[in-house]
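Novice: Got a predicted structure plus its sequence, pasted below:
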Amino acid sequence: MGKPSKPTTFSTRIERLETGMRYHVVPVPEEVSGSFLDAGHRRVLATINGHETRRAFQGPKDGGRYLVLGKAELKAAGVALGDVVTVSLVPDPEPDAIDLTPEFIEALKQDEAARERWESFPRGRQRSLAHYLTSPKRAETRLRRAIEIAEKLRTYTLYGDRDADGRRLDR
């Protein structure tokens with residue numbers, strides 16, 4: 001299959017995975033996900049009932065691909081479990097882009113050691129931390145998390161950090 005040249009639109013129903021973390025997902029027809037993946041586009045801009053979000057195809061390599069949606073995305077799109085939605089996909093023109101809060105951007109500006117460590121992380125780890133930073137609704141919570149993560153970056157006390165002997169530092 002070739003590279004999608006214009007938005008690919010389809011209808012599907014919001015589902016919930018009943019295994020693992022029980023995410024809300026937008027199932028993507030195999031021919032749609034296949035055309036994007038075959039063209040080298042794992043990350044897409046998805047417009048769901050008019051709400052745009054950056055997502056990556058998830059799911060087993062042998063089929064059954066989907067886009068994971070959090071509660072915030074469901075609410076922003078005005079949809080719930082079981083709703084039929086219209087989805088439009090285009091390749092993400094900036095697949096490495098990561099949305100950060102202004103609070104965290106400011107924390108990194110003020111803490112060079114934290115910024116250098118942040119920049120050394122692979123995109124996947126940055127995305128994981130960015131989700132933690134952007135998920136709170138309240139500015140106070142986002143600020144608290146920005147300070148917390150910047151300090152943990154600087155002091156090597158993020159979950160999973162290890163010393164030279166392989167012992168975990170986050171305990």
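Specialist: That came through fine.

Novice: With only the CA atoms kept, save the worst-scoring helix or strand of the chain on mean pLDDT in PDB.
Specialist: Lowest mean confidence among the helices and strands of the chain (mean pLDDT, DSSP states H and E): helix 71-77, at a mean of 85. Taking C-alpha atoms only, helix 71-77 is exported to PDB below (Å, rounded to 0.1, in the frame of the first residue of the first chain):
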ATOM      1  CA  LYS A  71     -10.200  10.600  29.500                       C
ATOM      2  CA  ALA A  72      -9.100  14.200  28.600                       C
ATOM      3  CA  GLU A  73      -9.200  13.400  24.900                       C
ATOM      4  CA  LEU A  74     -12.500  11.700  25.200                       C
ATOM      5  CA  LYS A  75     -13.900  14.700  27.000                       C
ATOM      6  CA  ALA A  76     -12.400  17.200  24.600                       C
ATOM      7  CA  ALA A  77     -13.900  15.300  21.600                       C
END
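
Novice: Specify the next element, helix or strand, located C-terminal of that helix.
Specialist: Going down the chain from helix 71-77, the next helix or strand is strand 84-91, by DSSP states H and E.

Novice: Let me know the average pLDDT across the helix or strand that that following strand is followed by.
Specialist: Next in sequence after strand 84-91, counting helices and strands by DSSP H and E, comes helix 102-110. Averaging pLDDT along helix 102-110 gives 95.

Novice: Next: stretch 140-154.
Specialist: pLDDT averaged over stretch 140-154 gives 94.

Novice: In it, which residues are buried?
Specialist: Neighbour-count burial for stretch 140-154, counted by 16 or more other CB atoms under 10 Å, picks out R142, L143, R145, A146, I147, I149, A150, K152, L153, R154. For the C-beta atoms, the positions are set from N, CA and C on the backbone; glycine is no exception.
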